[in-house]
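S.K.: Mind folding the following:
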Amino acid sequence: VCQKETVCVTGASGFIGSWLVMRLLERGYFVRATVRDPGNLKKVQHLLDLPNAKTQLTLWKADLSDEGSYDDAINGCDGVFHIATPMDFESKDPENEVIKPRVNGN
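M.R.: Presented below is the predicted three-dimensional model:
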C-alpha cells in the first residue's frame, strides 16, 4: 500500500489496532478506523488525540456480530487491516466459535 492512500483498520480501539492506526497516520495514510461505538470517548479518545487524526482519521461504527457493518468503512479503501477479534474466553469450542468465523470474515 502506498502512502497517502486510504486504509481501513478494524478493531482500531484495541491495543494492536491503536498502534497500527498511530503508525499509519505517522506515514501519511488516511485511516478509517472501525470501532463498536464511535461515541464512547472512553474507548476512542486516544485515537482522536493522535497526531494527524483531525485531518486523516475517521471513526466508523462496526461490529463483528453485525453482518455487513464493515461494508461502508471498507468500500473504496486501498487496503484493509483486519485486527478486530471477539474476546470470548469462555467458549467451549474456540476453534469453531471464535477462530474460524474470524478467519472466514464473519
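
S.K.: Below-threshold pLDDT in this structure: ranges please.
M.R.: 1-3, 87-89, 97-99, 101-106 (pLDDT under 70).

S.K.: Just to be sure, residue 73 is in a helix?
M.R.: Yes - under DSSP: H, G, I helix; E, B strand; the rest coil, residue 73 falls within a helix.

S.K.: what's across from the nearest residue to it once chain neighbours are set aside in the sheet?
M.R.: Take residue 73 and drop its neighbours on the chain: the residue closest to it by CB to CB, 6 or more residues apart in numbering is residue 60, 3.8 Å away. In this view, the C-beta of every residue, glycine as well, is placed from N, C-alpha and C. Legend: beta-bridge partners of residue 60 under DSSP bridges are residue 34.

S.K.: Residue 60: neighbour count?
M.R.: 18 (other CB atoms under 10 Å).

S.K.: Please list all residues in contact with it.
M.R.: 8, 32-35, 38, 72-73 (CB atoms under 8 Å, 6 or more residues apart in numbering).

S.K.: In ChimeraX, select just the buried ones from the residues you listed.
M.R.: Command for ChimeraX that selects the buried part of these, burial taken from 16 or more other CB atoms under 10 Å:
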select :8,32,33,34,35,38,73
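
S.K.: for this protein, what's the longest helix?
M.R.: Assignment by DSSP state H gives helix 15-26 as the longest helix of the chain.

S.K.: ok, residues contacting that one?
M.R.: 7, 9-12, 31, 33, 46-47, 50-53, 56-57, 81, 83-84.

S.K.: That helix: which residues count as buried?
M.R.: Result for helix 15-26 [16+ other CB under 10 Å]: buried residues 17-18, 20-22, 24-25.
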